[in-house]
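Trainee: Sequence first, then the predicted structure:
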Amino acid sequence: MTPALEATGLGRRYRRTWALRDCSLSLPPGRVIGLLGPNGAGKTTLLSLATGLLRPSTGDVHVLGRPPRSAIAEVGFVAQDKPLYRSLTVAETLSVGDWLNPRWDLALARQRMARADIPLRQKVGSLSGGQRSQLALAMALGKRPKLLLLDEPVADLDPLARREFLKILLDEVADSGVTVVLSSHLLTDVERTCEYLVLLAASRVQLADSSEALLRRHRIATGPRAQAATLGSEHRVIHAEYSANRASLLVRTEHPISDPAWTVRPASMEELVLAYMSTNA
Ligand SMILES: Nc1ncnc2c1ncn2[C@@H]1O[C@H](COP(=O)(O)OP(=O)(O)OP(=O)(O)O)[C@@H](O)[C@H]1O
C-alpha cells in the first residue's frame, strides 16, 4: 500500500537553525496518526513541507505517493492559526470551498456546522476560537481528502467540543478511510485517538510506530543505582531518574530483562513520551 506520507532525509533549515533534520518516515494509510513534540520541535515545519507550503532544504517528501504540490487536491490542511476571511459569513466561506475544490461536499460541510450549532449567516470574525476551529475542520473535510493534516486543531476547544471533534475524526476515518495526521500537545487526546505516533524532539524524529509496538518495546526497570550502568550496557536506556541508591530507567528493548536485581513493569504512554521529549539529541 502507498504510504500516506513518506519522507527521506527530509530537512528544513532557517539560516543556521535546523527546524527539522534527517527526517525519514513512512506513515501508513487509513490511520489516525499523532504528531507529538515540545514547542519548536518541528511539527508545523513537517506539516508545511507535506503540504508543499515549504520547500525542503534537504531530502524529499511524498504524500499519497506524489510530490506535495501534485497531491494538493486530495490533501486537507488545517493550519495552526486557522486562516479564514473574517468578513465573510460561514455560508460564504463554505461557498468559497465549493468554488475552489472540484470534489467539494457542501452538504457534509453544512452538516458539520449544524452539529456544532454554528449559524450559516454568522460572520467568521464574530465566531469564537473554538467555532473557527470547527469551521476550519468542516472546510478541510468538505474537500473529501485522502489525507488530512491538522496542526493543533483542538487547542482552542473546550473538553466537550474536543471530544466531539476527535469523535468526528474517528468517524471520518471509519467512513472514508481518510488518513489523519494530528499534531497536538494534549497527550491524553492523542493517546485516546491515535493508533500510531510520531514524536519529534530537538528537530529530529525520536519515535514513529504504532502505539501497540511502542508500548511493547519499552519497560520501566527499577533497581539498585550501582547496577544501572550494567543494565545500560545490555539495553538502551532512554531516560534515567535516580533517588539515593535507587534508579528508575525507561528502557527500550526487544528482549526481557532477566536480571533479578531489577523490578520490571510496562511503561505508560505518558512515561514513554515524556522520556523521549526530554531528549536533546
Ligand atoms: N519562518 C521561520 N524563520 C526562522 N525560524 C523558524 C521559522 N519557522 C520555524 N522556525 C523555527 O523552527 C523550529 C521548529 O518550529 P516549528 O514551528 O516547526 O515547531 P513546532 O513543533 O510546530 O512548535 P509548536 O509546538 O510551538 O507549534 C523552531 O525553532 C522555530 O523557531
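Mentor: Received the coordinates, thanks.
Trainee: what's near enough to touch the residue nearest the centre of the chain?
Mentor: By C-alpha atoms, centre = their mean, the chain has its centre lying nearest to residue 35, at 2.2 Å. Residues near residue 35 by C-beta atoms under 8 Å, 6 or more residues apart in numbering: 43, 46, 47, 181, 182, 183, 184, 198, 200. C-beta coordinates here come from the backbone N, C-alpha and C atoms, glycine included.
Trainee: next SSE after whichever strand or helix holds the third one?
Mentor: Counting by DSSP states H and E, the element that carries residue 47 is helix 43-51. Going down the chain from helix 43-51, the next helix or strand is strand 58-63, by DSSP H and E.
Trainee: Just the buried residues of that following strand, please?
Mentor: Neighbour-count burial for strand 58-63, with 16 or more other C-beta atoms under 10 Å as criterion, is recorded at 59, 61, 62, 63.
Trainee: Which one of these is nearest to the ligand?
Mentor: Nearest to the ligand among the buried residues of strand 58-63, counting by C-beta to the nearest ligand atom, is residue 61 at 14.0 Å.
Trainee: Apart from its chain neighbours, what residue comes closest to the closest one?
Mentor: residue 7 (4.6 Å; C-beta to C-beta, 6 or more residues apart in numbering).
Trainee: Count the neighbours of that neighbour for me.
Mentor: Per other C-beta atoms under 10 Å, the neighbour tally for residue 7 reads 25.
Trainee: So it, which state does it fall into?
Mentor: The assignment at residue 7 comes out as strand when based on DSSP: H, G, I helix; E, B strand; the rest coil.
Trainee: For it, which residues are in contact?
Mentor: 23, 24, 25, 26, 46, 49, 59, 60, 61, 62.
Trainee: can we see that at 7 Å?
Mentor: 23, 24, 25, 59, 61 (C-beta atoms under 7 Å, 6 or more residues apart in numbering).
Trainee: Check residue 92 too.
Mentor: Counting by C-beta under 7 Å, 6+ apart, residue 92 has no contacts.
Trainee: what does residue 118 give?
Mentor: So residue 118 contacts 90, 127, 131, 134, 135 (C-beta under 7 Å, 6+ apart).
Trainee: Tell me which residues of the strand or helix carrying residue 189 come out buried.
Mentor: Under the criterion of DSSP H and E, residue 189 resides in helix 187-193. Using 16+ other C-beta under 10 Å as the test for burial, helix 187-193 gives 187, 189, 190, 191, 193.
Trainee: Check for me that residue 10 belongs to a strand.
Mentor: Yes. With three-state DSSP as the criterion, residue 10 is assigned to a strand.
Trainee: Cross-check the contact I'm expecting between it and residue 48.
Mentor: No. Residue 10 is not in contact with residue 48 according to C-beta atoms under 7 Å; the separation is 11.5 Å.
Trainee: gap between residue 24 and residue 11?
Mentor: Separation of residue 24 from residue 11 (C-beta to C-beta, to the nearest Å): 10 Å.
Trainee: Likewise for residue 132?
Mentor: 32 Å.
Trainee: Take the contacts of residue 118 and lay them out in CSV including distance to residue 259.
Mentor: Below are these laid out as CSV (distance: C-beta to C-beta, whole Å):
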residue, distance to residue 259
90, 62
127, 58
131, 56
134, 53
135, 56
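Trainee: show me the contacts for residue 10.
Mentor: Residue 10 touches 20, 23, 49, 56, 59, 60, 61, counting by C-beta under 7 Å, 6+ apart.
Trainee: helix or strand right after the biggest helix by length in the chain?
Mentor: Taking DSSP state H as the criterion, the chain has its longest helix at helix 159-176. Sequence-wise, the next helix or strand downstream of helix 159-176 (DSSP H and E) is strand 179-183.
Trainee: Go ahead and measure how far that following strand is from the middle of the chain.
Mentor: Chain-centre distance of strand 179-183: 5 Å, with C-alpha atoms, centre = their mean, to the nearest Å.
Trainee: what's next to it, contact-wise?
Mentor: Applying C-beta under 7 Å, 6+ apart, the set of residues contacting strand 179-183 from outside is 4-5, 27, 29-35, 43, 47, 146-153, 169, 173, 194.
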